[in-house]
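Undergrad: fold the following, please.
(one chain, ligands or ions: 1)
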Amino acid sequence: MSTYAVKEIYHTIQGEGHHTGKAAVFCRFSGCNLWSGREEDRYKAICQFCDTDFWGIDGLHGGKYKSSELAQTINELWPAGKANKFVVFTGGEPLLQLDKPLIDAVHELGFAIAIETNGTIEVPEDIDWVCVSPKANTELIVNAGDELKLVYPQKEAEPERFEHLDFDHFYLQPMDSPDIESNTTAVINYCKTHPKWKVSLQTHKIMGIL
Ligand code: SF4
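TA: Here you go, the predicted structure:
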């Protein structure tokens, strides 16, 4: 039976992309295949701009879980008796760990499942919402899904490389860095002139929520 290493689990509002504003339980797995998560390794990370702490299992409700325990913990964080259950598996890279037993366990409790993946690992069956966020200098193998959300700008990961892929929604999201203002302006200008793309903002940061 699989054991899952989880950094944190929390009930919040999805801050970015298509489901912005929607209540969700976020389950953040530990670990990523594009960076160790340790600052001292950042210089050799494939993905250079990561703004997420996914190292270890020391966050809120972090720990090692079996599938049934993890599903139950997610369920306990949802408001009692309320429908529209929604869980977002993220990371790190969730597809290093998310598998059929956990997908089934969470579905049995009535949740719709979304993932936020870097697109370098095959997606298992029965995911309800697949959001791929491609990273420069990686091989994208997930070429279809619900939402492609590209952090912008990234050298070697221009939007033109992805717009032919089989996604229903295409989002550009300003890279959070000291250049956030000019990155936001660049996103606005790009979306105005390339209407296939929509703006995604990290509204959880604007609202000051987890
Ligand atoms: S793929 Fe995502 S989690 Fe992994 S290092 Fe890049 S931004 Fe961070």
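Undergrad: ok, which stretches of the protein are helices?
TA: Along the chain, counting by DSSP state H, helices occupy 67-77, 100-108, 180-193, 203-207.
Undergrad: need the ones you listed in CSV with distance to Glu39, mean pLDDT and mean neighbour count, can you?
TA: All C-beta atoms are positioned from the backbone trio N, CA, C, and that covers glycine. Shown next, in CSV, are the helices of the chain (distance: least, Cβ to Cβ, whole Å; pLDDT from 0 to 100; neighbours: other Cβ atoms under 10 Å):
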stretch, distance to Glu39, mean pLDDT, mean neighbour count
helix 67-77, 28, 98, 18
helix 100-108, 30, 98, 17
helix 180-193, 20, 98, 14
helix 203-207, 20, 92, 13
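Undergrad: any chance of those helices in JSON lines, with distance to Gln173 too?
TA: Putting the helices of the chain into JSON lines (distance: least, Cβ to Cβ, whole Å) gives the following:
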{"stretch": "helix 67-77", "distance to Gln173": "25"}
{"stretch": "helix 100-108", "distance to Gln173": "26"}
{"stretch": "helix 180-193", "distance to Gln173": "7"}
{"stretch": "helix 203-207", "distance to Gln173": "11"}
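Undergrad: now these as a markdown table including distance to the ligand?
TA: What follows is the helices of the chain, written out as a markdown table (distance: least, Cβ to the nearest ligand atom, whole Å):
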| stretch | distance to the ligand |
| --- | --- |
| helix 67-77 | 19 |
| helix 100-108 | 19 |
| helix 180-193 | 15 |
| helix 203-207 | 15 |
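Undergrad: OK, contacts around the closest residue to Lys85 other than its chain neighbours?
TA: Leaving aside its chain neighbours, Lys85 sits nearest to Phe111 (4.2 Å; criterion: Cβ to Cβ, 6 or more residues apart in numbering). Contacts for Phe111 (Cβ atoms under 8 Å, 6 or more residues apart in numbering) come out as Val25, Ile74, Asn75, Trp78, Lys85, Phe86, Val87.
Undergrad: which of the residues you listed fall within strands?
TA: The strands, defined by DSSP state E, take in Val25, Phe86, Val87 from these.
Undergrad: so the residue nearest the centre of the chain bridges to which residues?
TA: When Cα atoms, centre = their mean is applied to the chain, the residue found nearest the centroid is Glu116 (2.7 Å). Applying DSSP bridges to Glu116 yields these beta-bridge partners: Cys131.
Undergrad: same deal with Leu150?
TA: Applying DSSP bridges, one finds that Leu150 bridges with Leu172.
Undergrad: contact partners of stretch 81-93?
TA: For stretch 81-93, the external contacting residues (Cβ under 8 Å, 6+ apart) are 7, 14, 19, 22-34, 37, 52, 54, 74-75, 78, 98, 106, 109-118, 120-121.
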